[in-house]
Every structure is written in structure tokens, then in C-alpha cells.
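# Sequence and predicted structure, then a few things I'm wondering about:
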Amino acid sequence: MLSTRVLNRTLLSRQHLLERSALTVPEMCDHLIGLQAQDSTPPFIGLWSRITDFDPMTVSAGLDDHSLVRITLMRGTIHLVTPPDALRIAPHVQPELEKVPFRKGFNFGAMVGLDPEEVRERGEAVLGDEPMATADMRAQAAVLWPDRDAGAVVQTWLYQLPVLQTPPRGKWKDNSRPVWSRVEPWLGAPLDPTYPLAELVFRYLRAFGPASTMDMQTWSKLTGMKKAVEQLGDRLRTYTDERGRTLYDVADGELADPDLPAPVRLLGWYDNVVLSHQDRTRIVPDGGAMPLQAFATQVSSVLIDGFLSGLYKVFLEKGLARLRISPTRPWSASERASVEAEAHALLAFLEADREPRVEILDMGVDLRP
């Protein structure tokens, strides 16, 4: 039986959050199967927390030379991945994405009554082979369907067509408006529909396991997990957790010592380490997760002794960067000192040109100044 603490230390070890790694950015992206990248900053914090002497310009260079891409994948969210993963994971994700726009609940039924294939074909023609800004796509949509909500049409195209966000958005310190490209012309290669779902599940377990089939589904928002596990056969082994649930793991996967020290880590908002299990008790003490609206306001997790123990947010003022932290449990004096040190290190990385200020608030206090 695996204890919660064994699962915690194993997850942190596989996520390179116990000690920073010498992996390159593409190697880390491949191992983690991407980093959440709806906003520009979180993947940089995620990589800084995991890679020794991380240079953010390597991400910018990778986006420019097409060796890294920002694309909608797991859970219908933007991830920073390598081109091979973009080409082989997108075919698994697309069928579910394409169902969304023609449901009655999508934009109050804005697309109901239109032929999905006609919408798709027109979208492919509009995007062509060159990147296009959302505003330009909206203008084209208004011409093609003057009686429809042009914004809803554009959203439909972004669900229907395998697309990615092109730079400059996503580069270091660049949060400009999205510019979109179809995947295949940008990468100069076709999608790969032959990549087995079972292989994706195997890689998930390498980075997030041991895990249940419901954990796998929570991470991917894909179905067919039980069949994928069956296909992996003796490449996997099974465990039982403290609640008696079956957990799967790669056969050669090492379990971490539960007594290993876990340094303080400040994650980026939407970090997959918090979002990729149905049962989050291995990292969130009560098993819950911050509401998504909290993430949307750029609120992020503080890990102490491997578990979520506080929330933080950076506020920028003229010449000043304030990192405010609200503990979610009482901290010891040594924990407080460790958090303060890591927070100053993060500010030195994120906002080197501003005066740093770390403010540790009372437990449960609102982060807003």
C-alpha cells in the first residue's frame, strides 16, 4: 500500500521539484508532456522551478525557430510542447474539441443551424498557410456570416482546426494578443494520427504516476483509459493507495523515499502538478484545488514540505515588484524563512529591474493589497 507521503515525494521527484534538473527546455517539455501556457508567464516559472540555471531566452528562441510551440492539447488548454508532441497529441484531442461549438450551450447557440463541415472548410481557407491575428479572422467571419456572431465563428474555427499560437506571444515578457496558425504549415509536417493513446498514458505515468485511470482522465480529458492500461500489459505494475484504490505505474518506475526533504517551491498558476489528478491529496492537503477563477487572477501555489501550504501573487508597481503570500496553514519560523528566500529568488528572476518586496500575510488574508 502506498502512503500519501510516498505518492507526494514520488510525484515531486518525477516532476523535478525535489531538486532542479540539468535537462534542457525541450527535454523537460517532453518529460512533462508540456507545461500549461494559457498565459505567458506560468511556463517560465514552471521551468525556473525545475531547471538549474534556467535561461528564459531559450524558450523565446525555441518559439522563434519552431522547436517549441504553444498549442491547445490536454483539457482543451494551451500547452508549451515540442513539435513531435504537437503533431501526435493533437489528433487525440481534436475530436473532442470539434464537438464543442455546435452544442446549444456554446455561445448561447450561436452556431446552431450551420453546417460544421462548411464552417471548417471556410475556416481552413481563411487561415490558409500564414499566421493570422484574431481580429483579422473576426473580420473575415463577419463577411462570410453577417448574421452570426463573428467572435463565435472564430472560436469555432479555433476548436475545429488544429491550430497553435505563434510568437511573439509566449516569448519572455511578451503577453501580446494571440496570432494563430494552422499546425501543419507552421511545423512543415503532417499530424500523426498513429500515435497510440496507450503510449501517451505510459508517459503520463512516467511524469505523474502512480495514478488511477480517473487521474489519467482528469489530466487528459480523454476517454479510453482502461483500454489503454490493458494494452500496456506488463509494461505497468499496480499498487493500492490508502483508500484501497488501484494505482498504475510504469514497471520500472522508482518510488521515492517518503522522508526525503522537499524544498519550498513557488509554482506558476495552472501548474500541471496541481491539476493532473482526480485525487489531489498527494499534493493538496484537503484534496481540493483552487477554484479556476483564482488561477485566472494569477494566484499561484506555494509548496512547503511538498504540499500546498500557501498562495501567492506578484503585483507590479512603478519600480517595485511585490510578492504577497497568504499561508493556508500555520508556518514555523524556518518554513517562513525558506519561503521568503525562495520568493526573493523568484522575484530576482521575474523582475530583476524592480525593487523586490516579499510580504507574508496572516493566514487566509486576501492577497490583494
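All right, it came through fine.

# which stretches of the stretch 1-150 of the chain form helices?
4-14, 25-32, 41-48, 57-64, 83-99, 116-127, 134-144, 150-160 (DSSP state H, counting those that start in this stretch).

# Can you lay out those helices as CSV showing distance to Tyr312?
Using the backbone N, CA and C atoms, a C-beta is placed for each residue, glycine as well. Supplementary listing: the helices of the stretch 1-150 of the chain in CSV, determined by distance: least, CB to CB, whole Å:
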stretch, distance to Tyr312
helix 4-14, 18
helix 25-32, 22
helix 41-48, 11
helix 57-64, 22
helix 83-99, 30
helix 116-127, 39
helix 134-144, 31
helix 150-160, 31
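
# and of those, who's closest to Phe349?
helix 41-48 (5.4 Å; CB to CB).

# Ser334 is nearest to which of the helices of the stretch 1-150 of the chain?
helix 4-14 (19.1 Å).

# what pLDDT, on average, does that closest one get?
For helix 4-14, mean pLDDT is 98.

# do stretch 130-147 as well
95.

# So which residues make contact with that stretch?
Under the criterion CB atoms under 8 Å, 6 or more residues apart in numbering, residues 114, 122, 126-127, 148, 150-151, 153-154, 157, 166, 177-181, 185-186 lie in contact with stretch 130-147.

# Would you list the buried entries among those?
114, 122, 126-127, 148, 150, 153-154, 157, 166, 178-181, 186 (16 or more other CB atoms under 10 Å).

# returning to what we had before: can you tell me which of the helices of the stretch 1-150 of the chain is most buried?
Mean neighbours per residue, mean count of other CB atoms under 10 Å, is largest over those for helix 41-48, with a mean of 24.

# For it, the averaged confidence score.
98.

# and that helix, how far out from the chain's middle?
10 Å (CA atoms, centre = their mean, to the nearest Å).

# tell me the angle that helix makes with helix 57-64.
Our comparison of helix 41-48 with helix 57-64, counting by axes from the mean of the first three to the mean of the last three CA atoms, to 10 degrees, yields an angle of 130 degrees.

# Keeping just the C-alphas, turn helix 41-48 into PDB.
Provided in PDB are the C-alpha atoms of helix 41-48 (Å, rounded to 0.1, in the frame of the first residue of the first chain):
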ATOM      1  CA  THR A  41       4.400  33.700 -17.500                       C
ATOM      2  CA  PRO A  42       3.500  30.400 -15.900                       C
ATOM      3  CA  PRO A  43       5.600  28.100 -18.100                       C
ATOM      4  CA  PHE A  44       8.600  30.300 -17.300                       C
ATOM      5  CA  ILE A  45       8.000  29.900 -13.600                       C
ATOM      6  CA  GLY A  46       7.500  26.200 -14.100                       C
ATOM      7  CA  LEU A  47      10.800  25.800 -15.900                       C
ATOM      8  CA  TRP A  48      12.600  28.000 -13.500                       C
END
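
# In terms of secondary structure, what does that helix contact?
For helix 41-48, the packing partners by 3 or more CB pairs under 8 Å, 6 or more residues apart in numbering; DSSP states H and E come out as strand 35-36, helix 57-64, helix 333-350.

# for the chain, which spans come out with low pLDDT?
Within the chain, the ranges that satisfy pLDDT under 70 run 287-296.
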